[in-house]
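1. need a structure here:
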Amino acid sequence: MPSILDRYFLRELGQTVGATVVVLLAIFAGTSFASVLRQVANGSFPASVMFQVLGLNMLDGLSTLLMLAGFLGLLLGLGRMWRESEMHVLAAAGMGPAGILRPVAVLAVVLMLVVGVVSMWLGPWASRTADRLIAAANRSVIAAGLDAGRFTELPGKGGIIFVDSLSRDGSVLGKTFIATERANSDGSPVVKLITAKHGRLYQESGGDGRFVALFDGWQYEIPLGADNWRQMRYVRNDASLSNIQNDDSDEDPAHSLTLGELWRADSADARAEFAWRTVAPAMMAVLVMLALPLARQNPREPRFGRLLLAVLSFYFYYLLLALCRGQLMKGRWHHATPMWLVSLVVFAIALWMFYRQYAPRRPETRR
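-> The predicted structure follows:
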């Protein structure tokens, strides 16, 4: 049965951590929304699945956000108690380091479990689901925003399309009209108009090109400012829609694999991804331990002085682990032992700093 002080610590620290998670989620949502908008503008996927992809991307990045939120939340919550002299009063009443470690350990276990679930299963699942959602959307003109009976702009400035009817899955088109504009070799603009009695949408085997197979229609090429128009009747005409513009800057194929697939894979990327996922709960424990000594403040200290030092410590620790992961991805290391050693050293330093704050001080001897 937790004591009154344990419940008080858990309530105060839990509320602070929760508020920090909400604030960081709002910031992360803004940056993720900008990234998703850029991908939609580039034609990577249609705007109709934009918010689903945004939610899945936020879920994928939740493990790092939770680690930072838990670290900052503990710093802010404990820092307020130190500034308002609550910790001094509790220490004078006989509460030692064990009285602080009990509620903080409970909160740390909860955060470690959540971070572990997100990093090992939920985040990769969100990444795989987003990839499948984008692939399905790129195969369907309905998901691309096409609706029967109105003109629709194709993604990636691919032109204008109009159909009078659509099948349920969006792959079979009725009477179709497509207008596109391109430039000749001399730079002069040419408008291309295509009409068809019916059509069918398909995607090339590589997955990067989208086409409409049009049947029984006419094609017109009209150079603007000239009178040399071209007219052609066809039985079948395959018109290219906008190609899928893949954004490979942040793409990591190993990130979408399950833990079992990473364990069986024999590549440097898979080993690095497996090491990063398994070390994530330990990172949370190290950050919780590091927050305890860094949160101690005197009432006259600058309010955000220790916070700046703590944030720098977080990024230094995170950077060391990222460097270790980079060595694994390059194939120079073949196991995650350096990452665990770094975490163990930082945890030992934080533990020593914490108990040093509560160590009995030797009385000064006057000469």
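
2. make it CA atoms for all contacts and neighbour counts henceforth
-> OK.

3. which helices and strands sit right next to the longest helix along the chain?
-> Ranked by residue count under DSSP state H, the longest helix found in the chain is helix 4-42. Here helix 4-42 touches helix 50-60, helix 62-83, helix 97-117, going by 3 or more C-alpha pairs under 8 Å, 6 or more residues apart in numbering; DSSP states H and E.

4. compute the inter-axis angle for the second one and helix 50-60.
-> Right, the one you point to is helix 62-83. Interaxial angle, helix 62-83 versus helix 50-60 (axes from the mean of the first three to the mean of the last three C-alpha atoms, to 10 degrees): 60 degrees.

5. before we move on, the earlier item: which one of the helices and strands packed on helix 4-42 lies closest to residue 153?
-> Of all the helices and strands packed on helix 4-42, helix 50-60 sits nearest to residue 153, with 16.3 Å by C-alpha to C-alpha.

6. any idea of the mean pLDDT for that closest one?
-> Helix 50-60 shows a mean pLDDT of 88.

7. show me the contact partners of it.
-> Residues outside helix 50-60 that contact it (C-alpha atoms under 8 Å, 6 or more residues apart in numbering) are 28-29, 32-33, 36-37, 40, 118-119, 122-124, 126-127, 129-130, 133-134.

8. out of those, which end up buried?
-> When these are checked for burial by 16 or more other C-alpha atoms under 10 Å, the buried set is 28-29, 32-33, 36-37, 40, 118-119, 122-124, 126-127, 129-130, 133-134.

9. in what helix or strand does residue 231 lie?
-> Secondary structure assignment for residue 231, by DSSP states H and E: strand 230-240.

10. return the set of buried residues in that strand.
-> residue 237.

11. do the same with stretch 337-347
-> Buried residues in stretch 337-347, counted by 16+ other C-alpha under 10 Å: 339, 340, 342, 343, 346, 347.

12. now it, how far from the chain's geometric center?
-> Stretch 337-347 sits 25 Å away from the centroid of its parent chain (C-alpha atoms, centre = their mean, to the nearest Å).

13. stretch 230-237 too?
-> Computed by C-alpha atoms, centre = their mean, the chain-centroid distance of stretch 230-237 equals 46 Å.

14. tell me the mean pLDDT over it?
-> 90.

15. what's it in contact with?
-> 213, 214, 215, 216, 217, 218, 219, 220, 221, 222.

16. put the alpha carbons of that stretch into PDB.
-> C-alpha atoms of stretch 230-237 as PDB (Å, rounded to 0.1, in the frame of the first residue of the first chain):
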ATOM      1  CA  ARG A 230      -2.400  17.000 -84.300                       C
ATOM      2  CA  GLN A 231      -5.400  14.700 -84.100                       C
ATOM      3  CA  MET A 232      -5.200  10.900 -83.600                       C
ATOM      4  CA  ARG A 233      -7.900   8.200 -83.200                       C
ATOM      5  CA  TYR A 234      -6.800   5.200 -81.100                       C
ATOM      6  CA  VAL A 235      -8.100   1.900 -79.900                       C
ATOM      7  CA  ARG A 236      -6.000   1.900 -76.700                       C
ATOM      8  CA  ASN A 237      -3.900   4.700 -75.300                       C
END
